[in-house]
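Colleague: need a structure here:
(one chain, ligands or ions: 1)
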Amino acid sequence: GNSVFDWDSYLKETSSTAAPAYCFKQHEESPENEFKPGMKLEAVDPRNITSICIATVVGVVGPRIRLRLDGGDNKNDFWRLVDSSELKPVGYTEKKGGMLQPPLGFRMNGSLFPMFLVKTLNGAYYSPDTAFKSEPDTPTDNLFKVGQKLEAVDKKNPHLICVATIGDVDKNNIFVTFDGWRGAFDYWCSYDSRDIFPVGWCLKSSHPLQPPGNSHHKAVTGSRYSGGRPNGAQTSNVKQNLNDSMNLSPDSASDLETGIQESCS
Ligand code: MLY
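Modeller: Take a look at the predicted model:
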């Protein structure tokens, strides 16, 4: 059901400690999420990071938003924190003397992009300036230690934030391992990644937390391979919780999509 993951018991059971909050590039208090589904903004295209595109908010969970690039498809949605430096109000790029770009995979002939842009922005629901929160400071050093626990985005399922362990540390990078998931989802990232959070962040931020796979009792602290298959029923409960907490039903997603298509036809 809706039970909250008990970090205190888990840390005791696994004789482990949480990575201290000062290790992370995250605000101590999560910023308020003022975005609403349907709002438009400017966002860096995650598949072509030199491009700034128009995006629409298609979901809101805790301090994160799910974004879809206007003129793209609905298969490449991505998630950002409301204090991401990759998000700007509509008009920002033009004010800076830059040019908005079509997303990678723009579904029309490129020559139609200027007209598409006019139509997609005409009468659009702009995100208010106050919704864009300042990025947290970057910690000066990589202070993570092998074996410390954290909460981390599953990059293969980026709507999920999961129970994780620091599996390795190398210069400015850390190896994030997912407890109870046999290493299949593990990744290296910079210590100042925005995809990693201190223990307790999800609870404080009203964001669902994906518990470890069901073999976590056998997990060796700090191991890259904590073994075992997760419990299927537990996983679907978490999925249900996430769906419940998202302000987006499959129907409202297609409504937004229809709206985009109408605005450019
Ligand atoms: N549908 C996927 C979900 C995996 C999630 C793994 N995370 C939590 C590390 C699957 O069952 O493979």
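Colleague: Just list what the one helix or strand C53 maps to packs against, helices and strands only.
Modeller: Per DSSP states H and E: C53 is located in strand 48-61. If contacts are counted by 3 or more CB pairs under 8 Å, 6 or more residues apart in numbering; DSSP states H and E, strand 48-61 sits against strand 40-45, strand 64-69, helix 113-121, helix 250-263. (Glycine included, C-beta is placed from N, CA and C.)
Colleague: I'd like to check the angle between the first one and helix 113-121, please.
Modeller: Angle between the axes of strand 40-45 and helix 113-121 is 140 degrees (criterion: axes from the mean of the first three to the mean of the last three CA atoms, to 10 degrees).
Colleague: same for strand 40-45, what does it pack against?
Modeller: Counting by 3+ CB pairs under 8 Å, 6+ apart, strand 40-45 packs on strand 48-61, strand 64-69, strand 87-88.
Colleague: next structured bit after the last one?
Modeller: Of the helices and strands lying after strand 87-88 in sequence (DSSP H and E), the nearest is helix 92-95.
Colleague: quick check, distance from that following helix to the centre of its chain.
Modeller: With CA atoms, centre = their mean, to the nearest Å as the basis, helix 92-95 stands 25 Å off its chain's centre.
Colleague: buried residues in that helix?
Modeller: By 16 or more other CB atoms under 10 Å, the buried positions in helix 92-95 come out as 92-93.
Colleague: Quick one, grab the pLDDT at the residue of the chain most remote from its centre.
Modeller: Residue farthest from the centre of the chain, counting by CA atoms, centre = their mean, is S111 at 32.3 Å. Model confidence at S111, given as pLDDT, is 98.
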